[in-house]
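Engineer: Here is a sequence together with a model predicted from it:
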Amino acid sequence: MIPTHAVAIRDFTKRYGSFEAVSNLTLEVEPGSICGLLGPNGSGKTTTFKCLIGLTRPTSGTLEVEGASVQPETFETLAYVPERSALYEWLTVADHLEFNRRSYKTYDAKRANELVDLFRLERKKKVGKLSKGQHTAVALVLALSIRPRILVLDEPASGLDPVFQRSVLDLIIDAAAGGSTVLFSSHQIGQVERAADRVAILKNGKLIVDGTVDSLKGSEKVVEAIFDQAVPAVNGLASDPRVRRVERSGRILRAYVKEDSDGIARRLSEFSPKNVSVLDLNLEDIFINAVGGDIPMVKGDGA
Amino acid sequence: MSYVQFLRLRKSLTIYAIILGGLFLIGLAVGHSPSTIFESDGSHTKQSMTSLPLSGLLFFAGWCAIIFATVVSTSLNKEYDGVEMVWTKPIARERLAASYILLDLAAIIIAFLFAAALSVLEVASFGGLKYLTVDSRTVPTLVIGLGSAIMWYGLVQGLTAGQRGRGSMLIGISWGAAFCLILLAEVTRGINQPIHVLATIVNVFNPIAYFSSYSLSNFGAHESPVLPQALAGTEMRSILTWTIGLLGCAAAIAGWKRLEA
């Protein structure tokens, strides 16, 4: 039977002593999709990945890849790139490729060589002499050279320059286009917005946002009014049931509106602003709104 | 799958061979100096010699193997730094740990045989091969010497495989503790019996205590003076060194499997 979800995390909790790193997390990733996991440092992203691939044990809940908990043979089709380098400093890039060749039936030498060239890595150079970004590049080469069905990437563009960050993003999108499922975390919200179909945001180990990028972006509008002078008092705007939050910054007023954004724009127009516009939310707005305060979970369509 | 450990051991064995090779060359230079040279017919050596027991050479090889064994005894512990790399390969952790241990044990045996072969070669280079005799201590020295190396390896591996780091520190401590315990058991013998007995009991887990009866206090004795009497005989020591070593390896595999990243 073909499993419905490539990755299924259900009621997952991980505690270290009295500290709850992840709390009751449920997250499902469909085959062939790209899911971006966002969250501030210490929000539980790496812990979730480690439990998913069996590096550490969950306190409770289930974590499944293609319908089963991770077994050694799962790694024939699952590749993981950790946040910190786990490469052998005393081995060369070529030694690492050889290690992969000996470890996987699915190893594709041609693909590995293409990726080595793409990242301009020197095969005979010891990993200990590579930069942080090149460490990440080697880890990505190793992961992608087995043509995995599932890719779990913890900060895959960490330390890379903008050109290589773009390459990584393209590789992620390519992998998904080829049928792979990608679950990745990043602090680069722009990357996630460009690549991911779906976004989950963690805060203090709890899932606070989960949905498709489009549905989350469409869930709210920003009505932005720019005034010539200081922002006037707009009585009752913050308590308007259509408005979730109001921000004032110098001569700019921004209202995050759940519904009837045109109505709110008309209301602001009464105060004679220089300009009023209705904007779509971007992922950065969603992220900052989500982690910036104690905000209840926003559920997008398809979540 | 244990390719990295193969490369690591190849590197360790190369360094080991270079060091022993250096000692071999020094031995050749010193041995062929005018005061110590053997005549080719053996009749006019400046050092009088009637026989050279093979157990003596194996004793040297045993110590070399023990030193090598402790150097490689934290192979699983060392992997903790790159655990995301090795634990995400399509192989069960216990199988991977077992393959590491088997490779290590093979390398220890190679280290022992290499040192023994080099010793024999050194003797041969002096023209002393004709004096080399297989004595009654040869087999016990081989079995206990190699057993002590494997015991030490197993104990350190067993204690460190389930730990995060600190493997090198434990190797250092084990050497210090091993010699201190031997010394304690030796100096208290016949002077302070309760402490001597206590030291001999603790020495059950001291690999040198099994090997030392051929060296420190009573070379060639049947019974080790630094172990409890019931365990001091040659046969018992042979069995115990190998058993404790292999049990340590089994504990290492179990500890490695339980470890979390």
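Structural biologist: Sure, I can see it.
Engineer: Next, count neighbours for residue A:72.
Structural biologist: Neighbour count for residue A:72, taken as other Cβ atoms under 10 Å in any protein chain shown: 17. Backbone N, C-alpha and C define where each C-beta goes, glycine included.
Engineer: any idea of the pLDDT on it?
Structural biologist: Confidence at residue A:72, expressed as pLDDT, is 93.
Engineer: the helices in the stretch 151-261 of chain B, which residues?
Structural biologist: B:167-187, B:193-202, B:207-211, B:234-258 (DSSP state H, counting those that start in this stretch).
Engineer: To residue B:150, which of those lies closest?
Structural biologist: Closest of the helices of the stretch 151-261 of chain B to residue B:150 is helix B:234-258, at 3.7 Å (criterion: Cβ to Cβ).
Engineer: re earlier: out of the helices of the stretch 151-261 of chain B, which gets nearest to chain A?
Structural biologist: Evaluated over these, closeness to chain A peaks at helix B:234-258, with 9.5 Å, by Cβ to the nearest Cβ.
Engineer: ok, and for that closest one, which residues are buried?
Structural biologist: B:234, B:236-238, B:240-242, B:244-246, B:248-253, B:255-256 (16 or more other Cβ atoms under 10 Å in any protein chain shown).
Engineer: if we look at that helix, which residues are touching it?
Structural biologist: B:76, B:93-94, B:97-98, B:101, B:105, B:140, B:143-144, B:147-148, B:150-163, B:204-205, B:207, B:210, B:213, B:222-224, B:227, B:230-231 (Cβ atoms under 8 Å, 6 or more residues apart in numbering or on different chains).
Engineer: at 7 Å instead, please
Structural biologist: With contacts defined as Cβ atoms under 7 Å, 6 or more residues apart in numbering or on different chains, helix B:234-258 is touched by B:76, B:93-94, B:97-98, B:101, B:140, B:143-144, B:147-148, B:150-151, B:153-155, B:157-158, B:161-162, B:205, B:207, B:210, B:222, B:224, B:231.
Engineer: Just the buried residues from those, in ChimeraX please.
Structural biologist: ChimeraX command restricting those to the buried ones, with burial defined by 16+ other Cβ under 10 Å:
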select /B:76,93,97,98,101,140,143,144,147,148,150,151,153,154,155,157,158,161,162,205,207,210,224,231
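Engineer: residue ranges of the strands in chain B, please?
Structural biologist: In chain B, the strands defined using DSSP state E lie at B:52-53, B:132-133.
Engineer: between the helices of the stretch 151-261 of chain B, which gets nearest to residue A:224?
Structural biologist: helix B:234-258 (55.9 Å).
Engineer: And stretch A:40-57, what's buried?
Structural biologist: A:43-56.
Engineer: If we check chain B, which of these are in contact?
Structural biologist: Intersecting the buried residues of stretch A:40-57 with the contacts of chain B gives A:50, A:53, A:55, A:56 (criterion: Cβ under 7 Å from any Cβ of the partner chain).
Engineer: Just the ones of those in helices?
Structural biologist: Per DSSP state H, helices hold the following members of these: residue A:50.
Engineer: Among the ones next to chain B among the buried residues of stretch A:40-57, name the ones in strands.
Structural biologist: Going by DSSP E, the strands hold none of these.
Engineer: Quick check: residues of the stretch 1-150 of chain A near chain B?
Structural biologist: A:50, A:53, A:55-57, A:72-73, A:75-76, A:80, A:82, A:86-88, A:91, A:95, A:98-99, A:102-104.
Engineer: Go again with 6 Å.
Structural biologist: Proximity of the stretch 1-150 of chain A to chain B (Cβ under 6 Å from any Cβ of the partner chain) is limited to residues A:50, A:55-56, A:72-73, A:75-76, A:80, A:82, A:86, A:88, A:99, A:102-103.
Engineer: The buried residues of stretch A:40-57: which two are farthest apart?
Structural biologist: A:43 and A:54 (21.1 Å).
Engineer: sorry, back to before: want to throw the buried residues of stretch A:40-57 into CSV with pLDDT and distance to residue A:287?
Structural biologist: Output for the buried residues of stretch A:40-57, formatted as CSV (pLDDT from 0 to 100; distance: Cβ to Cβ, whole Å):
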residue, pLDDT, distance to residue A:287
A:43, 92, 11
A:44, 94, 15
A:45, 95, 13
A:46, 94, 18
A:47, 95, 19
A:48, 96, 17
A:49, 96, 19
A:50, 95, 23
A:51, 96, 23
A:52, 95, 22
A:53, 94, 25
A:54, 93, 29
A:55, 93, 27
A:56, 93, 26
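Engineer: Just the closest of these to residue A:281, please.
Structural biologist: Distance to residue A:281 across the buried residues of stretch A:40-57 (Cβ to Cβ) is lowest for residue A:43, with 20.5 Å.
Engineer: Helix, strand or coil: sort out the spatially closest residue to the closest one that is not a sequence neighbour for me.
Structural biologist: Distances taken as Cβ to Cβ, 6 or more residues apart in numbering or on different chains place residue A:202 nearest to residue A:43, at 4.2 Å, with adjacent residues excluded. The three-state label given to residue A:202 by DSSP: H, G, I helix; E, B strand; the rest coil is strand.
Engineer: Settle this for me: residue A:202 is touching residue A:46, isn't it.
Structural biologist: No. Applying Cβ atoms under 6 Å, one finds residue A:202 not in contact with residue A:46, separated by 10.4 Å.
Engineer: picking that back up, quick check: the two most widely separated of the residues of the stretch 1-150 of chain A next to chain B?
Structural biologist: A:56 and A:102 (26.2 Å).
Engineer: For residue B:137, give its distance to chain A.
Structural biologist: 41 Å (Cβ to the nearest Cβ, to the nearest Å).
Engineer: hang on, the earlier thing: reformat the helices of the stretch 151-261 of chain B as JSON lines; add distance to residue A:284 and mean pLDDT.
Structural biologist: Shown next, in JSON lines, are the helices of the stretch 151-261 of chain B (distance: least, Cβ to Cβ, whole Å; pLDDT from 0 to 100):
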{"stretch": "helix B:167-187", "distance to residue A:284": "45", "mean pLDDT": "92"}
{"stretch": "helix B:193-202", "distance to residue A:284": "64", "mean pLDDT": "92"}
{"stretch": "helix B:207-211", "distance to residue A:284": "62", "mean pLDDT": "89"}
{"stretch": "helix B:234-258", "distance to residue A:284": "42", "mean pLDDT": "94"}
